[in-house]
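Participant: what follows is a predicted protein model with its sequence.
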Amino acid sequence: MTIADPAEDHDRDHWTERPSTWVAGITDRGVRHEHNQDALALASAAEPGTFAALVVCDGVSSAPQSDVASLAAALAARDVLAGAAGGSSPAPGDAAGWERRFEVAARAAVDAIAAEASTDGANTPASTLAGAVIDGPAVVIGWIGDSRVYWFPDAGPARRLTVDDSWAQAMIEAGVPADEAERAPNAHAITRWLGTDESDHVPRRTILAPEGSGWLLACTDGLWNYASDPEALADVVGAAVEQSGADAGAVAAWLVAWANDQGGRDNVTVALARLG
């Protein structure tokens, strides 16, 4: 098991984590923002497909110290999911156990935000979280906020595995077309988050049983803003693989560069695992 170096040692504007040949991630400031309020944290066994934990977090820009919040949350959640904190991990293949483990990870993330980020009492630090645990044939996903996880199989339809906790998603569920809702000025206003001013820290969870090989992607809205639909983003990932090969680090770098080429309106974070 390799847990990537502590993110505090990296340049917050841009850093790469690559705990194994099949797992990698990059977070980048983007083009227009002065600071990177995203963060990621990864862990992986060396043998492909055996075990990995991927966590991406997006600090809430309307809250103070969002960069501190996202980094604290990502590291704390990753450490719980990778078994470095928070008690023993579930038995191999115990998907239900991993679902419960995501609750422990979310509580640890909130505690880390409270410990690392100060508050003035009126506005508290906050972050989204999207993560995945690959435990052999079991892939368990957990999230709070509007960071996302997608599955892009080599054969078959692409799938978005998460449902945003956001104003846009509420409008979509009320019948507003997705492209219209996601273009609205307050589309990215989130309805659930990690922070001391939010009472519900239980992440939503789902289980993926991949059939065949493919790419598991966790990302912040700095990427999916430009290709929200799973099939549209699958085309982008396919182009990345075609031009950079099946190396997780190279594909992640290509996707970050692509997002910045689209305008880089937000920080962008990409975490990838190659399965199969």
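Facilitator: Now that the structure is in, tell me what you want to look at. Numbers count the residues shown, from 1 in each chain.

Participant: where do the helices sit along the protein?
Facilitator: Using DSSP state H, the helices found in the chain span residues 66-81, 95-116, 167-173, 178-183, 221-224, 230-244, 248-261.

Participant: next, format these as JSON lines and append distance to residue 49.
Facilitator: In short, each C-beta sits where N, CA and C put it, glycine included. Compiled in JSON lines, the helices of the chain are given as follows (distance: least, CB to CB, whole Å):
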{"stretch": "helix 66-81", "distance to residue 49": "17"}
{"stretch": "helix 95-116", "distance to residue 49": "15"}
{"stretch": "helix 167-173", "distance to residue 49": "31"}
{"stretch": "helix 178-183", "distance to residue 49": "33"}
{"stretch": "helix 221-224", "distance to residue 49": "24"}
{"stretch": "helix 230-244", "distance to residue 49": "17"}
{"stretch": "helix 248-261", "distance to residue 49": "12"}
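
Participant: distance check, the nearest residue to residue 116 once chain neighbours are set aside against residue 109.
Facilitator: The shortest distance from residue 116 to any non-neighbouring residue, by CB to CB, 6 or more residues apart in numbering, is to residue 72 (4.0 Å). Computed as CB to CB, to the nearest Å, the residue 72 to residue 109 distance reads 7 Å.

Participant: now do residue 240
Facilitator: 29 Å.

Participant: okay, the two: which has more neighbours?
Facilitator: More crowded of residue 240 and residue 109, by other CB atoms under 10 Å: residue 109, with 31 against 22.

Participant: contacting residues for the nearest residue to that one once chain neighbours are set aside?
Facilitator: Closest residue to residue 109 apart from its sequence neighbours, by CB to CB, 6+ apart: residue 73 at 3.8 Å. Contact partners of residue 73, counting by CB atoms under 8 Å, 6 or more residues apart in numbering, are 39, 57, 109, 110, 112, 113, 127, 129, 194.

Participant: how about the residues you listed, which pair is most distant?
Facilitator: Based on CB to CB, the longest span within the contacts of residue 73 runs between 39 and 110 and measures 14.9 Å.

Participant: quick one: which of the two has more around it?
Facilitator: When residue 39 and residue 110 are compared for neighbours, residue 39 comes out ahead with 31 against 24, by other CB under 10 Å.

Participant: surely that one meets residue 269?
Facilitator: Yes. Between residue 39 and residue 269 there is a contact at 7.2 Å, judged by CB atoms under 8 Å.

Participant: shared neighbours of those two, anything?
Facilitator: With CB under 8 Å, 6+ apart, residue 39 and residue 269 have common neighbours 27, 56, 57.

Participant: nearest to residue 139, of these?
Facilitator: residue 56 (15.6 Å).
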